[in-house]
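*Asks:* Any chance you can model this:
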Amino acid sequence: MDITIYTDGSSLGNPGPGGYGVVLMAGKHRKELAAGFRKTTNNRMELLAVIIALETLKGEGHNVTIFSDSKYVVQAVEQRWVFGWLKKGFKDKKNPDLWRRFLKIYPKHHVRLQWVKGHANIPENERCDKLAVAAAKSKPTAVDHGFETVQGATLL
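*Replies:* Predicted coordinates for the structure are as follows:
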């Protein structure tokens, strides 16, 4: 089955409250996802949106096209940088927890990431942005443990 996904992330303050938004489309089916976190970064939310979208898919082996306005995420995957980072244990790289999570789900499908310009009147991308910003503004209480936890201590 061919699946089209749009993703976006937001952080108010970067770091600050953040959220992600996802629009999944397959045939006549459409699903929207969003969640917020009390303190995180924009890049973490951009990447988490992609991860959540892939983890939401039922089954394996789907042809998936993900549209994102995050050059950080799209280039890391499409230029295959993330695979080199993995070989080096993510030494000196940010968000290793999320990249490892991504690499567990990524091989289960045939995934292509495509960069799209943000705020360019692409309806599904605009919708993801609205979902992500609304989640960030919702006074979220969820903890982004990969961001807030440093050597076992939670930052407040």
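
*Asks:* which residue ranges form the strands in this structure?
*Replies:* 2-11, 16-26, 29-40, 63-68, 110-115, 149-150, 153-154 (DSSP state E).

*Asks:* Need the contact partners of the fourth one.
*Replies:* To tie it back to what came earlier, the one meant is strand 63-68. 1-8, 46, 49-50, 53-54, 57, 74, 109-116, 122, 124-125 (CB atoms under 8 Å, 6 or more residues apart in numbering). Just so you know, the C-beta spots here come from the backbone N, C-alpha and C atoms, and that holds for glycine as well.

*Asks:* That strand pairs with which strands, and in what direction?
*Replies:* The partner list of strand 63-68 in its sheet, established with DSSP bridges, is strand 2-11 (parallel), strand 110-115 (parallel).

*Asks:* residue ranges with poor pLDDT in the chain?
*Replies:* Applying pLDDT under 70 to the chain flags residues 150-156.

*Asks:* any chance of the strands of the chain in JSON lines, plus mean neighbour count?
*Replies:* Below are the strands of the chain laid out as JSON lines (neighbours: other CB atoms under 10 Å):
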{"stretch": "strand 2-11", "mean neighbour count": "25"}
{"stretch": "strand 16-26", "mean neighbour count": "24"}
{"stretch": "strand 29-40", "mean neighbour count": "19"}
{"stretch": "strand 63-68", "mean neighbour count": "20"}
{"stretch": "strand 110-115", "mean neighbour count": "16"}
{"stretch": "strand 149-150", "mean neighbour count": "10"}
{"stretch": "strand 153-154", "mean neighbour count": "8"}
